[in-house]
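Q: fold the following for me, if possible:
(one chain, ligands or ions: 2)
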Amino acid sequence: MSSSQIINQRQTKYCLAIEETLKNLHHATNLELLLDLRKLYPSLSITTVHRATQRLALRHKIAFAPLAIDGSTRYDANLKPHDHFMCSACGLLKDVEIKDQLKLILNTLIKDCQVSGRLTISGICNNCQKGGNNE
Ligand SMILES: [Zn+2]
Ligand SMILES: [Zn+2]
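A: Numbering: from 1, shown residues only. Ligands and ions are numbered 1, 2, ... in the order given. Model (predicted):
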């Protein structure tokens, strides 16, 4: 087996592991994925995670979520178009469906324009309201 074949096998293994981890976390940055995956693969590097998520996003195996609070790219395991609630204190993301009714109201408000992109509603999550420590 050539060394490039070995590298490919390794990349496939990590891609699958990253897909699985993202499904469990729902939304995650490369760093969050790395921290979780290091429990299984202690030698895993951020570069490998970065490359794998780029490949997965290119193949539409994972989607992009709204950016994390520090501005880093965040990935989404849910491939269907959907809207988000984002906590502006801790960055927590929740998938939400904005009812068609609300889209009608928004379309009316913006006159002849059409709402088509995904919406992100911001607020304070339950945990932060209680003064929780995000755990
Ligand atoms: Zn929060
Ligand atoms: Zn989502």
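
Q: quick check, stretch 110-120 touching ligand 2?
A: No - judged by Cβ under 5 Å from the ion, stretch 110-120 and ligand 2 are separated, with a smallest distance of 8.6 Å. For the C-beta atoms, the positions are set from N, CA and C on the backbone; glycine is no exception.

Q: tell me what the longest helix along the chain is packed against?
A: Ordering each helix of the chain by length in residues (DSSP state H) puts helix 3-25 first. Helices and strands touching helix 3-25, by 3 or more Cβ pairs under 8 Å, 6 or more residues apart in numbering; DSSP states H and E, are helix 30-37, helix 46-58.

Q: mind listing what's buried along that helix?
A: The neighbour-count check on helix 3-25 (16 or more other Cβ atoms under 10 Å) flags 14, 15, 17, 18, 19, 21, 22, 25 as buried.

Q: using a markdown table, please lay out these together with pLDDT and distance to ligand 2.
A: Conversion of these to a markdown table gives the following (pLDDT from 0 to 100; distance: Cβ to the ion, whole Å):
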| residue | pLDDT | distance to ligand 2 |
| --- | --- | --- |
| 14 | 91 | 22 |
| 15 | 92 | 20 |
| 17 | 95 | 20 |
| 18 | 96 | 16 |
| 19 | 96 | 15 |
| 21 | 97 | 15 |
| 22 | 98 | 11 |
| 25 | 97 | 11 |
